[in-house]
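A.B. asks: I'd like to go over a predicted model; first the sequence, then the structure.
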Amino acid sequence: ILVTLIFYINRFIKSRKKGKAEPIIRDERPAWQIVLELLLKLKKENLLEKANFLEFYFRLSYLLRLFIELHFNIHAVEMTTSEIRQNLANIDSHDKSKILKTLSYSDRVKFAKFIPGMQESKEALQWLEDYLLSFREKEFKPENKKAVENDNA
């Protein structure tokens, strides 16, 4: 009887926990800002100086895919580079070729055991940072400020 009672009490407790919904927390910041914060954390880890190219390119690729997902609304994190290429064909982005080049280069390091040069890796990191910061500049251009002011009026 005691074992049966414990079984039903345990089952009751588990069913009550399932009914409670966890609150969904949404980050309302722009995509460039979210990914830039994560990129700066990656920079601080000094993976390049430790010659941990595999981890570095895995995370660099992930951050670029995350930005594509958040900014262009394409599920890029779960896509291959060729699938991203097909989906970016519909997007008007002047940096599309550099995005695809960075993803392809990352794939070579991750899957083909290619050992990149230190300078190329630093350039890839700097390019992604500059690319993300270019969206901040677009956000704060005078014509965008006027549009925001008109919306607030």
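C.D. replies: On my side now, so go ahead.

A.B. asks: Only C-alpha atoms from now on, for both contacts and neighbour counts.
C.D. replies: Fine.

A.B. asks: Just the CA trace of stretch 98-105, in CSV.
C.D. replies: C-alpha atoms of stretch 98-105 as CSV (Å, rounded to 0.1, in the frame of the first residue of the first chain):
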residue,chain,number,x,y,z
LYS,A,98,31.3,37.8,-47.8
ILE,A,99,28.8,36.0,-45.6
LEU,A,100,28.9,33.0,-47.8
LYS,A,101,32.7,33.1,-48.1
THR,A,102,33.0,33.2,-44.3
LEU,A,103,30.6,30.3,-43.8
SER,A,104,32.3,28.2,-46.5
TYR,A,105,35.7,28.9,-45.0
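
A.B. asks: Give me the residues contacting it.
C.D. replies: Residues outside stretch 98-105 that contact it (CA atoms under 8 Å, 6 or more residues apart in numbering) are 61, 64, 81, 85, 124.

A.B. asks: What helices and strands are in contact with whichever strand or helix holds residue 135?
C.D. replies: In this structure, residue 135 is located in helix 118-139 according to DSSP states H and E. Other elements packing on helix 118-139 under the criterion 3 or more CA pairs under 8 Å, 6 or more residues apart in numbering; DSSP states H and E are helix 31-44.

A.B. asks: which other helices and strands contact the helix it packs on?
C.D. replies: Packed against helix 31-44 by the contact rule (3+ CA pairs under 8 Å, 6+ apart) you find helix 53-72, helix 118-139.

A.B. asks: separation between the residue most central in space within the chain and residue 5?
C.D. replies: With distances taken as CA atoms, centre = their mean, residue 66 lies nearest the centre of the chain, 2.2 Å away. Residue 66 sits at a distance of 48 Å from residue 5 (criterion: CA to CA, to the nearest Å).
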